[in-house]
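A.B. asks: build me a structure from this.
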Amino acid sequence: MADKTLPIQLFTHRDGDENRTEGGGNGQEPKWLLPESLLVKKSEQLTSELNAFEATVAERERK
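C.D. replies: Sure, this is the predicted structure:
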């Protein structure tokens with residue numbers, strides 16, 4: 001392995017790598033984060049839909 005390119009010996013940091021990283025946030029909550037009251041409502045709706053789906057699947061299995 002006398003070749004200088006094997007293994008990779010040079011790594012340069014790109015300026016664009018610092019943008020939009022999850023761990024490098026600025027302390028503000030992301031725009032997609034729901035308020036707690038709406039999050040509870042959505043989770044209850046999802047639970048209800050999954051329970052209805054479960055009942056439908058169980059009924060089809062019985063038939």
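A.B. asks: just the element for Glu54, please.
C.D. replies: helix 36-62 (DSSP states H and E).
A.B. asks: for Pro35, see how far away Glu61 is.
C.D. replies: Glu61 sits 39 Å away from Pro35, going by Cβ to Cβ, to the nearest Å. Just so you know, the C-beta spots here come from the backbone N, C-alpha and C atoms, and that holds for glycine as well.
A.B. asks: ignore the last one, Ala55
C.D. replies: 31 Å.
A.B. asks: ditto for Ser48
C.D. replies: 20 Å.
A.B. asks: cool, and Phe53?
C.D. replies: 27 Å.
A.B. asks: then Glu59?
C.D. replies: Taken as Cβ to Cβ, the span from Glu59 to Pro35 is 36 Å.
A.B. asks: same check on Asn26?
C.D. replies: 20 Å.
A.B. asks: those two: who's more crowded?
C.D. replies: Higher neighbour count among Asn26 and Pro35: Pro35, with 9 against 4, using other Cβ atoms under 10 Å.
A.B. asks: OK, contacts around that one?
C.D. replies: Shown in contact with Pro35 (Cβ atoms under 8 Å, 6 or more residues apart in numbering): no residues.
A.B. asks: do you know the pLDDT at it?
C.D. replies: Pro35 carries a pLDDT value of 92.
A.B. asks: what about it, distance to Ser43?
C.D. replies: 13 Å.
A.B. asks: one more: Gly27?
C.D. replies: 26 Å.
A.B. asks: the more surrounded of those two?
C.D. replies: Ser43 (11 against 4).
A.B. asks: from what I see, Leu34 and Val40 are in contact.
C.D. replies: No: in this structure Leu34 lies outside contact range of Val40 using Cβ atoms under 8 Å: 9.2 Å.
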